[in-house]
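Asks: predicted model and sequence follow; I will ask about them next.
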Amino acid sequence: MLLSFRVSNHRSLRDEQQLLLTPTYGEDDPGDGWEAVPVAALFGANASGKSNVLDALAYMRNMVRGSLRESEPGTGISRHSFALDPAMRDEPSTYVTDILLGGIRYTYGFAVDDSQVVEEWMFSYPKKKKREIFHRRGDDYSIGDQSPASMHQVAAITESNVLFLSVAARSKQDLVRPVYDWFTEVIYRNPQILRFSRLSTLVESLERFGYLERMTSLLQAADTGIESAEIVEESDAELAQRSARIKGLGGHSPTRRKDVLFRHRGESGTFPLNLRDQSLGTQTLYDLGLGVFRSLDTGSVLIVDELDSSLHPYLTAQLVRLFRDQDVNIHGAQLIFSSHDATLLGRIQGEEVLQRDHVWFTEKNECGVTELFSLSDFKPRREDNRERRYLAGRYGAVPIVSDELFAAALAERREVDDVPSNS
């Protein structure tokens, strides 16, 4: 489980910010065997930096998973430093996680600039005692006393713009594999950039993991009007027609496509509709559902930017409750998401959706710098109406809107629209 995440100099996160997932309140303890809360929800005004916190964690995942594969020698490192202060371009961007795996806590982090990995380190804490696995400073390495000597050979072949963890994991260094494998299982979803190309590839996940029945049940429970679903292959005639079209453009013969057909109930029976014909809400739930299933099955972290996008608050609340339910979330999966839906701070259908130590806020100052802070900082009482207090500005992290300027901007647009065109 993820215990904490720290980041600095990433997009609007200029100064170090920490997302802490260890429980704050005893009565809100997530349950036996869980050392961290299963849910973290980020709220804040538009452009306050919520998405940047999630993007930073996704960036760290992508670096661990892809730095060996994607970084050519001497090409530098792609990153997103704080853009509103030119001096920050010369400062490294830093990412640090504390993770609990198999009862052992690990700290793994790295700092990168535009050209190289400036620093990288991993420590473990068996029996709560700190043990160095490796510590890299540029091209100088310190390998722990209890780490295998073969790690020195891995260090010798690691390029300056590639993470040592990525190379060591691919070089069968079992000591670092738990941390590497944890990062490979982190799932990221952004319903705002849903694409049919990605939705189509998710059909493979339905087959590979056997999720079709579970997906159908989820969509039925969400009252989408779907009665059943099946995976269908492209016919010979459709494949031949598409192959001829692609070859005419100089392409190669394509592989046979697969799609999901959903049968909807109608007045005179059921009718098949493919994924493209579904509502945006159904498409979003389909995409999120696969991520939820995988996260719960593997005990991994699911990151969702704008979880409430195109979903009714009841459905959003139900997804959150899956992660809070110890009988469902038996592997300690975690959901980290951003939202504008203040109803999630209160009660839906009579039940509290988020506990006090599940809630975080982002706020951006006049210099464009994001601050991340917890609801727990305000020492709230359990009986507080958190939804009302948030909307009233008691916690900050709400937009400061000038009614006069807002109305004037819209009025100016109407005046422009009223001007006849020259055509």
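Replies: Looks like it arrived, so ask away.
Asks: how about the helices in this protein?
Replies: 50-70, 150-157, 164-170, 177-185, 196-209, 212-221, 236-248, 280-298, 313-324, 386-391, 403-418 (DSSP state H).
Asks: pick the most buried one from those helices.
Replies: Burial of those is given as mean neighbour count (mean count of other CB atoms under 10 Å); helix 164-170 ranks first at a mean of 23. Where you see a C-beta, it was placed from the backbone N, CA and C, and this is true even at glycine.
Asks: average pLDDT for that helix?
Replies: Here helix 164-170 scores 96 as its mean pLDDT.
Asks: now do it: which elements does it pack against?
Replies: helix 50-70, strand 117-124, strand 131-137, helix 150-157, helix 177-185 (3 or more CB pairs under 8 Å, 6 or more residues apart in numbering; DSSP states H and E).
Asks: averaged pLDDT, the last one. What do you get?
Replies: Average pLDDT, helix 177-185: 97.
Asks: got the angle for it vs helix 280-298?
Replies: 170 degrees (axes from the mean of the first three to the mean of the last three CA atoms, to 10 degrees).
Asks: what's helix 177-185 packed up against?
Replies: So helix 177-185, by 3+ CB pairs under 8 Å, 6+ apart, packs with helix 50-70, strand 93-101, strand 104-112, helix 164-170.
Asks: the ones you listed: which one's closest to L239?
Replies: Closest of the helices and strands packed on helix 177-185 to L239 is helix 50-70, at 31.2 Å (criterion: CB to CB).
Asks: now the angle from that closest one to helix 177-185?
Replies: Using the same axes, to 10 degrees: helix 50-70 against helix 177-185 is 120 degrees.
Asks: remind me which residues of the stretch 151-300 of the chain are low pLDDT?
Replies: For the stretch 151-300 of the chain, residues meeting the criterion pLDDT under 70 lie at 192, 194-201, 248-251.
Asks: picking that back up, nearest to P38, of the helices of the chain?
Replies: Nearest of the helices of the chain (CB to CB): helix 313-324, 4.5 Å.
Asks: helices or strands next to the closest one in the packing?
Replies: Going by 3+ CB pairs under 8 Å, 6+ apart, helix 313-324 lies up against strand 39-44, helix 280-298, strand 334-339, strand 347-348.
Asks: so what are the sheet partners of the first one and their directions?
Replies: In the sheet containing strand 39-44, the strands it pairs with under DSSP bridges are strand 334-339 (parallel), strand 359-364 (parallel).
Asks: contacting residues around T224?
Replies: By CB atoms under 8 Å, 6 or more residues apart in numbering, T224 lies in contact with Q278, S279, G281, T282, L285.
Asks: need the helices and strands packed on helix 313-324 in JSON lines (columns: distance to D113).
Replies: Formatted as JSON lines, the helices and strands packed on helix 313-324 follow (distance: least, CB to CB, whole Å):
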{"stretch": "strand 39-44", "distance to D113": "27"}
{"stretch": "helix 280-298", "distance to D113": "32"}
{"stretch": "strand 334-339", "distance to D113": "27"}
{"stretch": "strand 347-348", "distance to D113": "45"}
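Asks: which one of the ones you listed lies nearest to S147?
Replies: Among the helices and strands packed on helix 313-324, helix 280-298 sits nearest to S147 (CB to CB), with 26.8 Å.
Asks: what packs against that closest one?
Replies: Looks like helix 280-298 contacts strand 187-189, helix 196-209, helix 212-221, strand 301-304, helix 313-324 (3+ CB pairs under 8 Å, 6+ apart).
Asks: which residue comes closest to Y125 once chain neighbours are left out?
Replies: R105 (4.3 Å; CB to CB, 6 or more residues apart in numbering).
Asks: and R382, what pLDDT?
Replies: 86.
Asks: doesn't R356 make contact with it?
Replies: Yes. If you go by CB atoms under 8 Å, R382 and R356 touch, sitting 7.1 Å apart.
Asks: higher neighbour count, the two?
Replies: For R382 versus R356, the count of surrounding residues by other CB atoms under 10 Å is larger for R356: 22 against 11.
Asks: list the contacts of that one.
Replies: Contacts of R356 by CB under 8 Å, 6+ apart are T24, Y25, D28, L375, S376, P380, R382, R386.
Asks: buried subset of these?
Replies: T24, L375, S376, P380, R386 (16 or more other CB atoms under 10 Å).
Asks: quick check: domain ranges of this structure?
Replies: Using automatic domain parsing, the domain parsing of the chain gives 1-186+300-423, 196-289.
Asks: and the shortest one, how far out from the chain middle?
Replies: Averaged C-alpha coordinates place domain 196-289 at 24 Å from its chain's average position (CA atoms, centre = their mean, to the nearest Å).
Asks: now the first one
Replies: Per CA atoms, centre = their mean, the displacement of domain 1-186+300-423 from the mean C-alpha position of its chain is 8 Å.
Asks: pLDDT at the most centrally placed residue in the chain, what is it?
Replies: The centroid of the chain falls nearest to I303 when counting by CA atoms, centre = their mean (2.2 Å). Here, the pLDDT recorded for I303 equals 97.
Asks: that one reaches Y188, doesn't it?
Replies: Yes. I303 is within contact range of Y188, at 4.7 Å (criterion: CB under 8 Å).
Asks: what do the two both touch?
Replies: Contacts common to I303 and Y188, judged by CB under 8 Å, 6+ apart, are L54, A58.
Asks: dump the residue contacts of the residue nearest to the centre of the chain.
Replies: L54, L57, A58, V186, I187, Y188, R189, I336, F337.
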